[in-house]
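A structural model of the following input is requested.
(one chain, ligands or ions: 1)
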Amino acid sequence: MIFGRYPSRDKQDKAIAVSAKKFRSAVGSDTSNGLFGNMALYSRVSGSVGLITLQNPPVNALSAVVRQSLIDLMDRALSEPEVKSVVICGQNGKFCGGADIKEFRSDMTGPPLVPMIDRLELSSKPVVAAIEGVALGGGLELALGCHYRVAHSKTRLGLPEVTLGLLPGAGGTQRLPRLVGIPAALELITTGRHVTAAEALQLGLVDFVTDHNTIEAAVKLALSVAGKSLDSRRISTCKCPRPPYADALFEEAMQRVRRSARGAIAPVACVQAVHAAATLPFARGMEQEKQLMATLFTSGQARALQYQFFAQRAVSRWSTPSGARWDTSKPRPVHKVAVIGLGTMGRGITVALAQAGLSVVAVETHEKQLMEAKRVVSGMLERGAKRLGAPPALDKINYSCEIQAVADVDLVIEAVFEDMVVKKTVFRQLSAICKPGTFLFTNTSGLDIDELAAQTRNPELVVGMHFFAPAHVMKLLEVVYGRRSSSQAVATAMKIGKNMDKISVAVGNCSGFVGNRMLRPYLDQAFFLLEEGATPELVDQALEEFGFAMGVFRMSDLSGLDIGWKVRKAKEMVSKTHQDCRYSPLGDLLCERGRFGQKTGRGWYQYDKPGGRVAKPDPWLHSFLEKYRAQRGFVARRIDHQEVLERCLYALINEGFRILEDRIASGPEDIDVIYVLGYSWPRHRGGPMFYAQMVGLSRILEKLEYYHQLHLDIPSLQPCSLLRKLVANGRPPIHKWVEVIKNPHSHL
Ligand SMILES: CCCCCCCC/C=C\C=C\CC(=O)SCCNC(=O)CCNC(=O)[C@H](O)C(C)(C)COP(=O)(O)OP(=O)(O)OC[C@H]1O[C@@H](n2cnc3c(N)ncnc32)[C@H](O)[C@@H]1OP(=O)(O)O
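Prediction:
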């Protein structure tokens, strides 16, 4: 007898047998001998332990071939009389990164995971998971099907499916609560958080943690448990511990995910699946998990989230229109970096660099400001270190009031006030002081990189590094190459970004780069909607229901209205007469009245005090808008959420197409990563360009044409020619847009 008892065993075996047969005939091979591509390998160790090694670089994902191979090798281990127990591990120090996400968008072939894991759990011989590196998603579910789990101390474990718009659909929602209890399972499954091996041990998720050779430890355990009863080790047969306050716990979890999910459906389904584990027998809970998974699996949200997963990795393979590329450009080693200007951004950048292990020279002109910056930076480092349980990198930073202190650094990041005249002066100084070859990077949110580069002796060393506030927290970095930036300078900026644990996107130089350039038409539409009859509350509500963390007006109040005002004044937009092109001075008028947002206690909303956080509708603003409309001949009309979304979002998307057409971004993924990571675009909607594809390019074009006809004085509503071309080319899928961009006559 190979397998133990299990009620639906026959059905499962049949399911596996049928799919395995289909799969083998499809691939035309017996996968059990280790000869067929990446899969799993079998060997015998210590005489009586069958060792199965998953082999599918880079993360040993459970592709169809791996699943088939695992089934075949388990059968082999179970059929060999000398083998008394089994260890499953992953090649190259990585247990398993989960199901193969690339397979999700194709016809799913090969044996399904659920019966495979159930069958593993039913094995009459003990199976030990030797977990190194990562055990994530289906990888952890596989380990939960094993009877014992041994982890290396550096392993990370988790069920991150929710971040891909799914739930742990291979029994994870049913086994995890049985093993670690409902509160911990709810938290892990709804957030997708990874845990360390130490926390996993504390939770009871693993049985043993080692600092040494994990496979050796697992084999030792496998030898010691051979022949022992497995009854208590099959998690599916255990009762789910249900605390007396379980109902309140689920209620609270549901409220929490609904509040924070911003419209994402997967976290809600995760709570429902864990609830099934708490209230139903295992087999019925599994049915519930399957149904919920089927809904999620085919949803647009799962597609969007999986697209974003790959997009965040694709942006590291950057290229520029001049032919520079990630794989042919080598970064130069950088050991010592200077940060010039220790305002909010400079401080965050200093922290991020020090935390990345780089030596930093932090420069500020006045002693008093320098000391204040030192105090704040040290506090930030200490808090960060406490969170990570590591010593703060205080000794990585030298503070100085002298710009000469940067003479021997390898790289400078200038973070002075966002003013071209000031920045130009600093760049001229840096060019004179720094040793030859020093990279001169600028943290600007939109100023001309070429103009700054022209101030230096070596413009090829100048690159923009647009950080997002707070710079030590936000994941995004726009790396902006100018006309003369060398490929080595771009590669070095991308590498420094990676060292700081950022996701860096290389983009071309234009006013506002990608993110802020697209924001302009979005903000304009919001102002125009106020002129036409909307309130800040209405606009914000529509955008927040769409999934933005904050609507445009609440966000402006938080960032400070004066920042945009200064930029508009510098560009002389405030003083200019705008005859052919509509311009709303509403933001300027508020600033002229000292309403700068939260910091002054008044902006588009009112706050209980300067610095207050809770935005309340402001009757003063409503009457101000009424007077403004009356004076300027606007007749207020009823505006609904659909119009808010179409005008704000489609104008932004239209600018995105212009950016692609101008080759400022090398593909739609770049834009989507920037918007999700830097501008709180809801991740479950993929990003603006992915969203455009989901809505349908024809519809976007049609709506833009409609609104442009109504507002001929708003050029940003005029559909861009790339959008027209894509529609004329039969609306190709997003991954084919680049072909149309590169070849203007493309019919794909
Ligand atoms: C109709 C109803 C049908 C229902 C059928 C459902 C059947 C499914 C049943 C169960 C499903 C289980 C769900 C899952 O398991 S989903 C996957 C869960 N796993 C994850 O989310 C992990 C994702 N990966 C990561 O977090 C990281 O990659 C990590 C493993 C931590 C490694 O990080 P790092 O070292 O930084 O490396 P990269 O992230 O750059 O990755 C390197 C390349 O590997 C690719 N990759 C990573 N994970 C996967 C994966 N699971 N599948 C496929 N490919 C993966 C990644 O894309 C990188 O490659 P590239 O740069 O080319 O994109």
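
Work out the gap between stretch 405-418 and the centre of the chain.
The chain centre lies 29 Å from the centre of stretch 405-418; the measure is Cα atoms, centre = their mean, to the nearest Å.

can you give me the end-to-end distance of it?
Its first and final residues considered, stretch 405-418 spans 22 Å by Cα to Cα, to the nearest Å.

Can we start the residue count at 36 from this point?
Will do, 36 is the new start, and the previous item becomes stretch 440-453.

what residues does stretch 613-620 touch?
Here stretch 613-620 makes contact (Cβ atoms under 8 Å, 6 or more residues apart in numbering) with Asp559, Phe562, Phe563, Leu565, Glu566, Met608, Val609, Lys611, His746, Asp748, Ile749, Pro750. Bear in mind the C-beta positions are built from the backbone N, C-alpha and C, glycine included.

Once you drop chain neighbours, what's closest to Phe243?
Val185 (4.7 Å; Cβ to Cβ, 6 or more residues apart in numbering).

before we move on, what about Ser351?
Trp361 (6.6 Å).

how many other residues sit next to Val708?
25 (other Cβ atoms under 10 Å).

The one helix or strand it maps to vs the ligand: in contact?
If you go by DSSP states H and E, Val708 is part of helix 703-713. No: figure legend: helix 703-713 not in contact with the ligand (Cβ under 6 Å from any ligand atom); closest approach 10.8 Å.

got the contact list for that helix?
Under Cβ under 8 Å, 6+ apart, the answer for helix 703-713 is 342-343, 345-347, 349-350, 503, 509-511, 513, 538, 540-542, 549-550, 553, 691, 694-695, 700, 716-718, 721-725, 769, 772-773.

quick one: Ala488 and the ligand, what's the gap?
31 Å (Cβ to the nearest ligand atom, to the nearest Å).

swap that for Arg555, sorry
Per Cβ to the nearest ligand atom, Arg555 is found 32 Å from the ligand.

Please give me every residue in contact with that residue.
Going by Cβ under 8 Å, 6+ apart, Arg555 touches Gly547, Glu690, Ser751.

try 7 Å
By Cβ atoms under 7 Å, 6 or more residues apart in numbering, the contact list for Arg555 reads Gly547.

In which helix or strand does it reside?
helix 550-567.

Export that helix to PDB, keeping only CA atoms.
What follows is helix 550-567, C-alpha atoms only, in PDB (Å, rounded to 0.1, in the frame of the first residue of the first chain):
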ATOM      1  CA  GLY A 550       5.400  60.900 -14.400                       C
ATOM      2  CA  ASN A 551       4.900  64.600 -14.000                       C
ATOM      3  CA  ARG A 552       4.400  65.200 -17.700                       C
ATOM      4  CA  MET A 553       1.400  62.900 -17.600                       C
ATOM      5  CA  LEU A 554       0.200  64.500 -14.400                       C
ATOM      6  CA  ARG A 555      -0.200  67.900 -16.000                       C
ATOM      7  CA  PRO A 556      -3.200  67.100 -18.200                       C
ATOM      8  CA  TYR A 557      -4.800  65.100 -15.400                       C
ATOM      9  CA  LEU A 558      -4.500  68.100 -13.000                       C
ATOM     10  CA  ASP A 559      -5.700  70.500 -15.700                       C
ATOM     11  CA  GLN A 560      -8.900  68.400 -16.200                       C
ATOM     12  CA  ALA A 561      -9.500  68.400 -12.500                       C
ATOM     13  CA  PHE A 562      -9.300  72.200 -12.400                       C
ATOM     14  CA  PHE A 563     -11.500  72.500 -15.500                       C
ATOM     15  CA  LEU A 564     -14.100  70.300 -13.900                       C
ATOM     16  CA  LEU A 565     -14.300  72.600 -10.900                       C
ATOM     17  CA  GLU A 566     -14.800  75.500 -13.300                       C
ATOM     18  CA  GLU A 567     -17.600  73.600 -14.900                       C
END
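
What does the pLDDT read for the closest residue to Met74 other than its chain neighbours?
Nearest in space to Met74, with sequence neighbours left out and distances taken as Cβ to Cβ, 6+ apart, is Ser104 at 3.5 Å. On the pLDDT scale, Ser104 is placed at 96.

Do I have it right that Ser104 meets Leu76?
No: counting by Cβ atoms under 7 Å, Ser104 stays clear of Leu76, with 8.5 Å between them.

ok, back up a step: quick one: contacts of the helix or strand where the residue nearest to Phe243 lies?
Using DSSP H and E, the element containing Val185 is strand 183-187. The contact list for strand 183-187 (Cβ under 7 Å, 6+ apart) reads 161, 163-167, 178, 232, 235, 241-245, 249, 252-253, 256, 260, 268.

Check stretch 734-743 too.
Outside stretch 734-743, the residues touching it (Cβ under 7 Å, 6+ apart) are Glu681, Arg682, Tyr685, Ile688, Asn689, Ala727, Leu752, Gln753, Pro754, Leu758, Arg759, Val762.

Quick one, which of those residues are buried?
By neighbour count, with 16 or more other Cβ atoms under 10 Å, the contacts of stretch 734-743 hold Glu681, Arg682, Tyr685, Ile688, Asn689, Ala727, Leu752, Gln753, Pro754, Leu758, Val762 as buried.

Of those residues, which is the nearest to Ala408?
For the buried ones among the contacts of stretch 734-743, the minimum distance to Ala408 (Cβ to Cβ) is 39.5 Å, reached by Ile688.

What residues does the closest one make contact with?
Contacts of Ile688 by Cβ under 7 Å, 6+ apart are Pro723, Met724, Ala727, Ile735.

which one of the residues you listed has the most neighbours?
The most crowded member of these, judged by other Cβ under 10 Å, is Ala727 (28 neighbours).

list the buried ones in stretch 229-249?
Buried residues in stretch 229-249, counted by 16+ other Cβ under 10 Å: 229-232, 234-236, 238, 240-245, 249.

quick one: which of the residues you listed is nearest the ligand?
Set against the ligand, the nearest of the buried residues of stretch 229-249 by Cβ to the nearest ligand atom is His229 (7.7 Å).

Just list the residues touching that closest one, thanks.
The contact partners of His229, by Cβ under 7 Å, 6+ apart, come to Arg191, Leu192, Gly193.

And for the first one, nearest residue in space, chain neighbours not counted?
So that's Arg191. Closest residue to Arg191 apart from its sequence neighbours, by Cβ to Cβ, 6+ apart: His229 at 4.3 Å.

what pairs with that neighbour across the strands?
Beta-bridge pairing for His229 (DSSP bridges): Gly193.

Please give me every residue in contact with Cys626.
Leu596, Asp597, Trp600.

which one of the residues you listed has the most neighbours?
Leu596 (22 neighbours).

wait, it sits on Thr635?
No: look at Leu596 against Thr635 with Cβ under 7 Å: they stay out of range, at 8.8 Å.

Can you get me a residue count around Gly204?
With other Cβ under 10 Å as criterion, Gly204 counts 25.
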